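Take this sequence and fold it.
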Amino acid sequence: MSINLHTYYKILEVADAASATLVAVSKTKSVSDILELYHAGHRHFGENYVQELCEKRSKLPEDIHWHFIGHLQRNKVKMLAPFVHLIQGVDSESLLLEIQKQAAAYGRVIDCLLQIFIATEETKYGMSESELQSALKLASTLTHVRVKGLMGMASFTDDKEKVLDEFQYLKRLFDNCKVSSEFNTLSMGMSADYNLALNAGSNMIRVGSLFFGQR
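So this is what the prediction gives:
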């Protein structure tokens with residue numbers, strides 16, 4: 001499959017205008033597809049499955065910034081710890097502690113985003129507002145984890161007002177718990193709703209199917 005570069009450049013232009021980072025979601029996509037986007041100048045790629053990410057990384061340039069954007073099991077953190085650029089879906093204190101342990105083993109500080117539950121679907125992961133405050137307190141004591149901000153996934157619905165409300169709620173949370181200058185990343189918005197997310201204040205969007213095509 002060939003990348004739709006025209007659509008990619010349009011979305012990149014929108015993201016750049018909003019001072020937002022575009023993470024190309026490359027799960028299930030081939031090494032050749034990723035390379036095509038890489039040669040167009042892209043460096044931020046997001047994957048949902050640990051083993052797939054590790055296999056792709058071994059075949060691709062070392063200067064790619066790999067974002068892990070799926071639900072991460074604690075027993076797989078050690079596979080990502082040597083190289084991951086940003087773990088976006090930290091949804092529990094126990095996962096934070098495991099990242100601390102594995103990052104320390106590799107002498108790294110791993111950047112993370114805390115995932116907040118903002119949708120109505122129970123299938124989505126994320127912390128509550130009270131759990132967020134506890135996790136931030138814990139993170140402040142960790143020497144090999146750096147919490148860079150928040151991430152959230154809106155409800156899968158055609159109701160744009162509902163999606164916008166969820167994004168605005170996450171933006172308020174982000175603003176209210178901005179603990180340091182390093183706490184500067186708000187990752188929200190995907191292929192179906194990235195414009196709404198950017199309007200709500202997102203500075204990182206996760207888009208793939210619009211230019212990679214559907215799985």
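
for the chain, longest helix please?
Scanning the chain for the longest helix, with DSSP state H as the assignment, gives helix 160-176.

pLDDT averaged over it - what is it?
Helix 160-176 shows a mean pLDDT of 96.

now do stretch 108-124
Here the average pLDDT along stretch 108-124 is 88.

Also stretch 75-93?
In this model, stretch 75-93 has an average pLDDT of 97.

buried stuff in that stretch?
Buried residues in stretch 75-93, counted by 16 or more other CB atoms under 10 Å: 76-81, 83-93. In short, each C-beta sits where N, CA and C put it, glycine included.

Also stretch 20-35?
A20, T21, L22, V23, A24, V25, S26, K27, K29, D33, I34.

again with stretch 33-48
Burial within stretch 33-48, assessed by neighbour count using 16+ other CB under 10 Å, is assigned to D33, I34, E36, L37, Y38, H42, H44, F45, G46, E47, N48.

Now, the residues you listed that are in helices?
Reading helices off the buried residues of stretch 33-48 with DSSP H, I get D33, I34, E36, L37, Y38.

per-residue confidence for the third one?
As summarised for this prediction, E36 has a pLDDT of 95.

That one reaches I3, doesn't it?
Yes: here E36 reaches I3: they are 4.7 Å apart, a contact under CB atoms under 8 Å.

Not counting its own residues, what contacts stretch 50-57?
For stretch 50-57, contacts defined as CB atoms under 8 Å, 6 or more residues apart in numbering pick out 26-28, 31, 34, 47, 64, 66, 68, 72-73, 76, 79-80, 83.

wait, which of those residues is closest to M188?
F68 (16.4 Å; CB to CB).

Helices of this protein, start to end?
Going by DSSP H, the chain shows helices at 5-17, 31-39, 50-57, 77-80, 93-105, 129-139, 160-176, 194-200, 209-212.

The fifth one - contacts with which helices or strands?
With contacts taken as 3 or more CB pairs under 8 Å, 6 or more residues apart in numbering; DSSP states H and E, helix 93-105 sits against helix 77-80, strand 86-90, strand 110-116, helix 129-139, strand 145-152.

Now for the closest residue to P82 other than its chain neighbours, how many residues are close by?
Nearest residue to P82, sequence neighbours excluded (CB to CB, 6 or more residues apart in numbering): Y106, at 5.3 Å. Residues lying near Y106 (other CB atoms under 10 Å) number 13.

now the one 4 residues further on
The burial count assigned to I110 is 24, neighbours taken as other CB under 10 Å.

Tell me who's in contact with it.
The contact partners of I110, by CB under 8 Å, 6+ apart, come to A81, V84, I87, I99, Q102, A103, H144, V145, R146.

roughly how far apart are the last one and H85?
For R146, the distance to H85 under the criterion CB to CB, to the nearest Å works out to 12 Å.

intersection of neighbour lists for those two?
Common contact partners of R146 and H85 (CB under 8 Å, 6+ apart): D111.

how far away is the most centrally placed residue in the chain from G107?
Centroid-nearest residue in the chain, with CA atoms, centre = their mean: Q88, separated by 3.8 Å. Distance, Q88 to G107, by CB to CB: 22 Å.
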